[in-house]
Each structure stands twice: as C-alpha cells, then as structure tokens.
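Asks: Generate a structure from the sequence data that follows.
(chains A and B)
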There are 2 protein chains.
Amino acid sequence: MDYGTWVRGELAQLSKSLGFRYTPLEDLEGRLNKLKTGMNRKGMEGILLVEKMDRYYLSGTTQDGYLFVPLDGRPILLIKRELERAKVESALEDVIGLRSMRELPSLIQEHRGRLPRTLGLELNVLPVRDYFRFQDIFSGAKLLDASGLIRDVRKIKSPFEIELMRVAGEIGKRAYHEGARILREGMSEIEFAGLLEAAAKSYGHEGLLRVSALNYEAYSWHLLSGPAGGIVSQTDSPMGGLGLSPAFPVGASLRPMKAHEPILVDFGTCYQGYQADETRMFSIGQMKKKFIDAYRACVKIHDAVLDQTRPGADCETLFMNTLKLAEKLGYRESYLGPPGLQTRFIGHGIGLELNELPFLAKGQSYPLEEGMTFALEPKIVFPGEGSVGIENTVVVTKDGFDVLTPLEQKIFEV
Amino acid sequence: MDYGTWVRGELAQLSKSLGFRYTPLEDLEGRLNKLKTGMNRKGMEGILLVEKMDRYYLSGTTQDGYLFVPLDGRPILLIKRELERAKVESALEDVIGLRSMRELPSLIQEHRGRLPRTLGLELNVLPVRDYFRFQDIFSGAKLLDASGLIRDVRKIKSPFEIELMRVAGEIGKRAYHEGARILREGMSEIEFAGLLEAAAKSYGHEGLLRVSALNYEAYSWHLLSGPAGGIVSQTDSPMGGLGLSPAFPVGASLRPMKAHEPILVDFGTCYQGYQADETRMFSIGQMKKKFIDAYRACVKIHDAVLDQTRPGADCETLFMNTLKLAEKLGYRESYLGPPGLQTRFIGHGIGLELNELPFLAKGQSYPLEEGMTFALEPKIVFPGEGSVGIENTVVVTKDGFDVLTPLEQKIFEV
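Replies: Now for the predicted structure:
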C-alpha cells in the first residue's frame, strides 16, 4: 500500500481509537492572533518557530520542521520528514514539504508573496550555529528575539489545555494509589519509581517531562527517601536527591528504603503533551514526629498561598509571604533547602513545559491572570536526615483557583 | 550538621556504596590533552564548556556551571550551586564556586593570570541569547566554534568508558530476559515497555537517554508492534512508531499487542552516563514467514557490516555496501524505511549521547578507528504491516570489533 494513503486512512483511525487528541483550529487561531498582536507591537513581520513545543502549541503537531507565522496572512507549516502525518495532526491549512532549510525563503516568498524584513526567532533556545545559518539564508531580514512574545501567549491556558492537564492529574492520582499498594521495605527508590512510572504509562502518561533550557533535564522519578531527601544537586530545586551516578546525580537512587523514614514522591505526569506535577509523602510505618510536623507546616504554607491565589495577586509577594510564614512556623533554616542553598521559588508555571510563566519567586513581580497554571511546592529539607513537602498543580480561575491534581492530600503510610 | 561536612563524609560514602563510578584523573587528563592539541592547531587560547555531557566528559561531574579549559595551564571548574558535591565527584584540582556568569572573566583572570584572546564555545548547542551574553562578558575575545574539536576527542573511548558501556549492555540483557517472562497477548506496547524500563532501572539503568540536539528527544521505550512498526515519525530513523499523542508521536503506544505479529523492541540502557543500544524481535507465537525472512536479512546485513568492521574501514562505504546487499536480498523498497522515506544511516556513534561520531551513513566518508563505539541497526519496514530489525552496540578493536551487548541474537518467541 502507498504510505501516504495508509497514513491518511488506517493510521489516522488507529490514532483516534487510541485517544489521540488534536488541537482544535479555534485554539490554534486564538493563539496565533494573540501572537500577532505582540508581533505588531514589536514591529515583527514574521516569526520562524523551531522549538518543538512552540511548534506544537501553534500548529498541533511535533513533526520535524518549521512554522512560519507572518504578521499578515496564514501561517505555513514546513515539514522535513513526515508530511503525511503532520497533515493528519495539524488543523492548519498550509502544511507543505521542505527538503532543506535553504528552501525556506523561496517557499515563504512563493506562498505569501514576500519575505519579512524583521524576523523573530526563539533566541532563548536556538543554537548559535543555526542562527548563523538563518543570518545567511534570510540575509535581507533583521533577526529579533521572539521568545518573550511566545512565552507570553503560552502562559494563559485555554479550556482545552486545562482539560488535558486535568487528565494528567487523574493519571497521577491512579499512579499514586498504585504506589501505595506496591511500596515495601527494602525496595530501592528507583525500583519503586520505575513501577510508579510503568503504571502511569499504562494509563497514558507519556514518560517524558519537558523543560525548555539547555542542560535542564526533566524526569518523573524524583523520589527521595531518608537522607537522600536532604541532598541538593544540579537543578534549582530545594532537594535534588542522590540519583544513580555522577552523570545523573538527581532523583531516585539504588538506596533501599527503610521503615519510618520520609519518602518524598514528586511525580510529574504528561498527557497529550500537557503536564501535571504533584508531591506526596509516603512512609513505611509512621514517620518521626519531626517530619510529620514539617509536612504539616508545608501544608499550611501551601494552603496560605492558595488562599491568596486569584487574578491580580503579585507572584513575588506570594513567594515572599511564604518566607515569613515559614519563619513563623519555625522553619527559617530548612525551608526550600539547606542553609545557603535555599531556592527562591515556591511555584512554577506548567503546561507543555515545566518552566513556563508564572514563577512564584523572588524577582518575579507580576500579577496572576485567569487561565494561568502553576505547580505549588513548599518543601522543607533537613540535611543528612530527609525532606518533606507537598505539591499540587492549580489553575487560576476568575475569582480564585481550581486544583488539577485531585489526589488526596494526606501522608500515604503503608 | 553542616551541609558541606555531610556531603564530603556521609554522602560520599553512600554514593560509593551504591556503585557511583568517578572518572579517574588519568582519563580526564588524557581527554584534556587531546583537546589542547586541537586547540593549539586552531589557535584557540581557551574553551568555555557549557553543555552538560561535554562538561561531564572533561570534569567528571554534571553539577551546574562551566568548565574553562585554557590552552596553557589547568582547567577551572566553576560551579553555580552544588560546589561540595562537585568536589566529591570531580577529580580536577580547581573546583570553585560561581555566583553568576558575570564573574567568569574575573575568576579566570585571578586563577590563570590572563584572559583568552580567542575563546571556543559549543556553537552547535549554545543558545543565541547566551552567546550574546558571552560576547558582552568576554568583549576582548574572538569567539570561535569549539564543538567540532570536542566531538573529535569524544569519538574515541577509553577502556574505562568501554567498561561502563559493557555494563549498560549487561543491564539490557537482563531487561530483555525479564521482558520474555512478562510479555502477554493484549498488553499494550507502553505497558510492556514500562515494565522493561522498570526492570532495567532496578538493575541500574539511568532512565534518561541523551542526544545532543535541540528538539531531538531520546527515550527507552521504542517498542513497536504490528502496523505501529510501519510508521515513520519526527526522528530520522527507519520507523518512529505511533506513540501516545501528537505531542509525542514516537515509540510505544497504547495499542494492545496481538499474537503472531512482529514486536520490535529497540531498548537503550544507560549506566553512569554511558549508553548501550540494542534491538531484538519479540513475538507471541510465531511471526508470519514474511517477517522472519526479513529479520534474517537484517541479521545478514548486520553480520556483513561486522565482517568489514576494523580500523581503517570507511564509514560511508560500510553503509553503501548494505544498500547493495539489501537489494540483492530483495529488500530494496523496504530497507531502512518505506519508499521515499528511507533513512541514510545504518549505524550511529554512541557513548554519553546517541549521536556521537562515527556515523555509518551517506556522506560520512572517514575511517573507523580503534576505540570508536557504534550501534549497528539494519531494519526493514513494511508500511501498514510492521517492521523488523536487529541492533547491537560494538567497539572497534585493534583488528576487528567486540560486541558490548551480549544478549542472544534470536527472536524472542513467547
């Protein structure tokens, strides 16, 4: 059978029957229009999108290629390899094949009648070598940074996106419940984490979590027990964990878990590209009172932030208020990391990537807006002993918030 | 307890007891000396390394920061966050703290007495925005591309590296054996893949696979059954698979596996950062003769390449010879992908990343050298029906090759 015919027929059917969700055209158009408003303001006649998640957000497909968005006229999706599948996945009208990046100007000229004199690129992630190639290929255009504009559009989620994040949250809930059934003394952290992940995958979790930054690797198995919970590592988070080697010194390790120690399970899930992030404490038998008390303090801080969560609340203020509360509760030295290594955020925007806007953090003074989604994660760290915390993913609503991670807020003691 | 004291004492002990392997100083020095030979040739007075795996390769740690390699004198490892742990992990002498990238010139000046007038950067991966910052911070230096030099050093593996890849291969073997025990009709691809992965992790597999390229995401669960094996997707490989959604349209899917269909398991494992990649066919009951025949053709092609594998063999020729052999065996139309979408490589270098040198591919005319490692993967694709293949990771030895993936070369029929 001809491959294209098969893709448009049987493959499209199979994908649908297995639950593939395609971004509706209205969603794509809404996003593109917002982006164009920004482009107009910045004097950008076109944007050429390279990064996979930016392209997915604005085209509905991650097939390899480029998305050209002109200030005037329809976008053009240019696909390098799997053109037929891109046509099935993307609701955009103009999906065309591309043999090499050298063809970009002539194809844009042919389909839109002119080349942009100012061209936006994602300078936050685009490698320098590609930038030099674009300078050469689009020699008549002034190249500008479009990453801020794109981030700004992506920060507000549509009902379609929020629904997918809600499903990710449901997948997480089922996985945690399975975790409570399988946790046993003596299991290694990574064995437990692997089984949690396998369960989540069988419910539709995509396995990969995503962040948009060189060197920053996201992963599901941030599962830390006892003293391994008190270890900082490469990423900017309260605790990194031991990990498996100096090549990957974060997350779960081969350490066997013991009774009565805190087991922090910070497990992200991903459905149709959309992520939910949550943390719960597990223990085999009861944890020491010190950890239970610290966990309760985290819950208080978590709830206090949510009490203030609504459109207009200032993100930096939300964070700074938690410092005061942590101090009042007696955790000034251990809140968000060991002394001297404490992080400066309590929440991160989440959606297709784990580092979206907003950040509830020092230096991030801007208001929450309706439709923003973030993961809120107060944590307390005792070096050499362990750490505790709680985390939920929420969406800012018209007059407050809604929780997207419906898992019970309790210690899972087995 | 003071965090630093704890890291240098108990954490170092715990890491060692759980099998952390630290890169020996002699390995680091050998690599640095080779790099300096290249720098001297290119007139590069210094290189500033940013990418995580490049830094790991030359310093032994992945803690966040920069590695400055001067042409003359010792390298300086500058750590942003986990300085204490970096000191435990890296055998380098000069490991110092860094508050912000703005401090780089003054710290280099202070520790090495001068700033480089020509500075190499990894322009293949460095984001443009960071490049502009470096232009500003190192305003007296000419910035050059160092990525080719680094790739060139990394392409030859030391006995230490080969040993770690061998362990990764052993982990893979155990995981495949576990796979043969758990595969059942009706399991979804992703459920099976998740359990394989959980098993491998409990044996020390790190979970993440790595490639060095924007947008290219590696993953362990490239497990494709029946018609899902005949689907191309975003990556440049013979078959991509269905995946779970348009956001991740590659690898295992929620499709339930059926009896008698080909189940291609292309499962990479990672130990201490070092990867092994292999593919075997599974089936529930016997596969149709068409697939068994095509599998045997893949084995013939695989063995024919290994017959020619030795220092001096030309990588492009090795690939081109397989095209002739595939045609002779009757698979011209289905070798390495569906017609029109066939890939142009039969092997990829492997180590810390899945896209290292050498490539046994069209346009890659250079000789194999002793100590190179590559994954060899002939595959045959029938659109709408399925695909078959075999893959092993090998190292080029003085007079031939050695296989690093010791798993039996057979169809795993359950």
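Asks: From now on I want contacts and neighbour counts done on CA atoms only, so please keep to that.
Replies: Noted.
Asks: Surely A:T279 touches A:T393?
Replies: No: in terms of CA atoms under 8 Å, A:T279 does not count as a neighbour of A:T393; the distance is 9.7 Å.
Asks: Which secondary structure state is assigned to the nearest residue in space to A:S202 that is not next to it in sequence?
Replies: Distances taken as CA to CA, 6 or more residues apart in numbering or on different chains put B:E191 closest to A:S202, at 4.7 Å, once the chain neighbours are dropped. Counting by DSSP: H, G, I helix; E, B strand; the rest coil, the backbone at B:E191 sits in helix.
Asks: Could you measure from B:E191 over to B:L35?
Replies: Counting by CA to CA, to the nearest Å, the separation of B:E191 from B:L35 is 44 Å.
Asks: Secondary structure element for A:D402, which one?
Replies: A:D402 is part of strand A:401-403 when elements are defined by DSSP states H and E.
Asks: Not counting that strand itself, show me its contacts.
Replies: By CA atoms under 8 Å, 6 or more residues apart in numbering or on different chains, the residues outside strand A:401-403 that reach it are A:L306, A:T309, A:R310, A:N392, A:T393, A:V394, A:V395, A:V396.
Asks: what's the closest non-adjacent residue to A:L32?
Replies: With CA to CA, 6+ apart as the criterion, A:L32 has its nearest non-adjacent residue at 6.7 Å, and that residue is A:L58.
Asks: can you pull the pLDDT of the one you found?
Replies: If you check A:L58, the pLDDT there is 98.
Asks: Not counting stretch A:358-377 itself, show me its contacts.
Replies: With CA under 8 Å, 6+ apart as the contact definition, stretch A:358-377 has outside contacts at A:155-158, A:276-279, A:302, A:309-320, A:344-351, A:357, A:389-398.
Asks: go with 6 Å
Replies: The set of residues that contact stretch A:358-377 without belonging to it, under CA atoms under 6 Å, 6 or more residues apart in numbering or on different chains, is A:155-157, A:311-316, A:319, A:344-350, A:390-398.
Asks: need the helices for chain A, in chain order.
Replies: Across chain A, reading from the start of the chain, the helices by DSSP state H fall at A:3-6, A:12-17, A:25-42, A:52-59, A:83-89, A:104-112, A:128-137, A:147-154, A:159-182, A:189-202, A:289-308, A:315-328.
Asks: Please point out which parts of the last one sit buried.
Replies: Neighbour-count burial for helix A:315-328 flags A:C315, A:E316, A:T317, A:L318, A:F319, A:M320, A:T322, A:L323, A:L325, A:A326 (criterion: 16 or more other CA atoms under 10 Å in any protein chain shown).
Asks: now for that helix, which elements pack on it?
Replies: Using 3 or more CA pairs under 6 Å, 6 or more residues apart in numbering or on different chains; DSSP states H and E as the contact definition, the elements that helix A:315-328 packs against are strand A:356-361.
Asks: Report the backbone C-alpha coordinates of the strand it packs on in PDB.
Replies: Taking Å, rounded to 0.1, in the frame of the first residue of the first chain, the C-alpha atoms of strand A:356-361 are listed here in PDB:
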ATOM      1  CA  GLU A 356       6.600  28.300  31.900                       C
ATOM      2  CA  LEU A 357       5.200  31.600  33.300                       C
ATOM      3  CA  PRO A 358       4.300  32.400  36.100                       C
ATOM      4  CA  PHE A 359       7.000  31.900  38.600                       C
ATOM      5  CA  LEU A 360       6.000  32.400  42.300                       C
ATOM      6  CA  ALA A 361       9.500  33.600  43.100                       C
END
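Asks: for it, what is the average pLDDT?
Replies: Averaging pLDDT residue by residue across strand A:356-361 gives 98.
Asks: That strand pairs with which strands?
Replies: strand A:345-349 (antiparallel) (DSSP bridges).
Asks: Not counting sequence-adjacent ones, nearest residue to A:K87?
Replies: Using CA to CA, 6+ apart and skipping residues adjacent in sequence, the residue nearest A:K87 is A:V95, 6.3 Å away.
Asks: Could you check how far the one you found is from A:S225?
Replies: Note on A:V95: its distance to A:S225, by CA to CA, is 49 Å.
Asks: same question, A:P378
Replies: Counting by CA to CA, the gap between A:P378 and A:S225 amounts to 17 Å.
Asks: hang on, the earlier thing: what about the residue nearest to A:S202, how many residues close to it?
Replies: One way to gauge burial is a neighbour count; for B:E191, by other CA atoms under 10 Å in any protein chain shown, it gives 25.
Asks: Then the one 3 residues further on?
Replies: Other residues lying near B:G194 total 25 when counted by other CA under 10 Å.
Asks: same check, this time on the one 5 residues further on
Replies: As a burial measure, the neighbour count of B:A199 was computed by other CA under 10 Å and equals 25.
Asks: do the same with the one 3 residues further on
Replies: Under the neighbour criterion other CA under 10 Å, B:S202 is assigned a count of 22.
Asks: Point out where the stretch 51-200 of chain A drops to low pLDDT.
Replies: Judged against pLDDT under 70, the stretch 51-200 of chain A has no low-scoring part.
Asks: what residues does chain A put near chain B?
Replies: A:20, A:52, A:61-64, A:82, A:123-129, A:191, A:194-195, A:198, A:202, A:215, A:233-234, A:245-247, A:272-273 (CA under 6 Å from any CA of the partner chain).
Asks: Wait, A:Q272 touches B:S245, no?
Replies: Yes: using CA atoms under 6 Å, A:Q272 and B:S245 qualify as a contacting pair, with a distance of 5.1 Å.
Asks: can I see the domain layout of chain A?
Replies: Here the domain parsing of chain A from automatic domain parsing is A:20-154, A:159-413.
Asks: just to revisit the earlier point, which members of the buried residues of helix A:315-328 define the maximum pairwise distance?
Replies: Comparing every pair within the buried residues of helix A:315-328 by CA to CA identifies A:C315 and A:A326 as the most remote, at 17.1 Å.
Asks: which residues does A:L357 contact?
Replies: With CA under 6 Å, 6+ apart as the criterion, the residues that contact A:L357 are A:K155, A:G349.
Asks: Go again with 8 Å.
Replies: Taking CA under 8 Å, 6+ apart as the contact definition, A:L357 lies against A:R151, A:D152, A:K155, A:H348, A:G349, A:I350, A:M372.
Asks: Tell me which two in those residues are the farthest apart.
Replies: Within the contacts of A:L357, two members stand farthest from each other by CA to CA: A:D152 and A:H348, at 14.5 Å.
Asks: Neighbour count: those two, which is higher?
Replies: A:H348 (20 against 15).
Asks: Roughly how far does the more buried one sit from chain B?
Replies: From A:H348 over to chain B the distance is 19 Å, taken as CA to the nearest CA, to the nearest Å.
Asks: Equivalent analysis for A:E356, please.
Replies: When CA to the nearest CA is applied, the distance between A:E356 and chain B equals 17 Å.
Asks: what pairs with the closest residue to that residue other than its chain neighbours across the strands?
Replies: The shortest distance from A:E356 to any residue that is not its chain neighbour, by CA to CA, 6+ apart, is 4.5 Å, and that residue is A:G349. Partner residues in beta bridges with A:G349: A:E356, A:F374, with DSSP bridges as the criterion.
Asks: so A:G349 touches A:N355, yeah?
Replies: Yes: under the criterion of CA under 8 Å, A:G349 makes contact with A:N355 at 5.9 Å.
Asks: higher neighbour count, these two?
Replies: Of the pair A:G349 and A:N355, A:G349 is the one with more neighbours under other CA under 10 Å, namely 23 against 17.
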